[in-house]
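Novice: just the structure for this:
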Amino acid sequence: MRRTYLGEFEEIVLLMVAVLDGEAYGVTISQEIEQSMGRLVAFGTVHNTLIRLEEKGFVRSELGGATTQRGGRRKRLFRITALGSRAIQDVQQVRAELWRQIPPHTLEMGKL
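Specialist: Now for the predicted structure:
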């Protein structure tokens, strides 16, 4: 089986798209990352990452309705795809396996 490789930030953005379940767009993702992780992220960084994830087939986007709050502009909403879901499950499995391989005495001695 071929493994999926995601950069740390790609993984975070992909997870946030899954968490937001159809309501994910650049601004909300930036806000949620800041709120949940305490990490300031520029909208442009999130936007570029979303485009990359869409090119890889991990997310898909569609335009939402126009709103007066956005001056009549439409939001580009992102949703995780089946491939994206498998990718984050794969990453989770790899991380869990690595954590299981850490010798118990390493954790007990405060080395991590």
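
Novice: quick check: longest helix of the chain.
Specialist: Using DSSP state H, we find that the single longest helix of the chain is helix 82-101.

Novice: which residues touch that one?
Specialist: With C-beta atoms under 8 Å, 6 or more residues apart in numbering as the test, helix 82-101 has contacts from 3-4, 6, 11, 14-15, 17-18, 53, 56-59, 80. C-beta coordinates here come from the backbone N, C-alpha and C atoms, glycine included.

Novice: next: stretch 58-66.
Specialist: 14, 17, 25, 50, 53-54, 72-81, 83-84, 87.

Novice: those residues in strands, which ones?
Specialist: Taking DSSP state E, the ones among the contacts of stretch 58-66 that sit in strands are 74, 75, 76, 77, 78, 79, 80.

Novice: kindly format the C-alpha coordinates of stretch 9-18 as PDB.
Specialist: Listed next in PDB are the C-alpha coordinates belonging to stretch 9-18 (Å, rounded to 0.1, in the frame of the first residue of the first chain):
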ATOM      1  CA  PHE A   9       0.500  22.400   7.700                       C
ATOM      2  CA  GLU A  10      -1.300  20.500   4.900                       C
ATOM      3  CA  GLU A  11      -2.400  18.000   7.500                       C
ATOM      4  CA  ILE A  12      -3.700  20.700   9.800                       C
ATOM      5  CA  VAL A  13      -5.600  22.400   7.100                       C
ATOM      6  CA  LEU A  14      -7.100  19.100   5.800                       C
ATOM      7  CA  LEU A  15      -8.100  18.100   9.300                       C
ATOM      8  CA  MET A  16      -9.800  21.500   9.800                       C
ATOM      9  CA  VAL A  17     -11.700  21.100   6.500                       C
ATOM     10  CA  ALA A  18     -13.000  17.800   7.900                       C
END
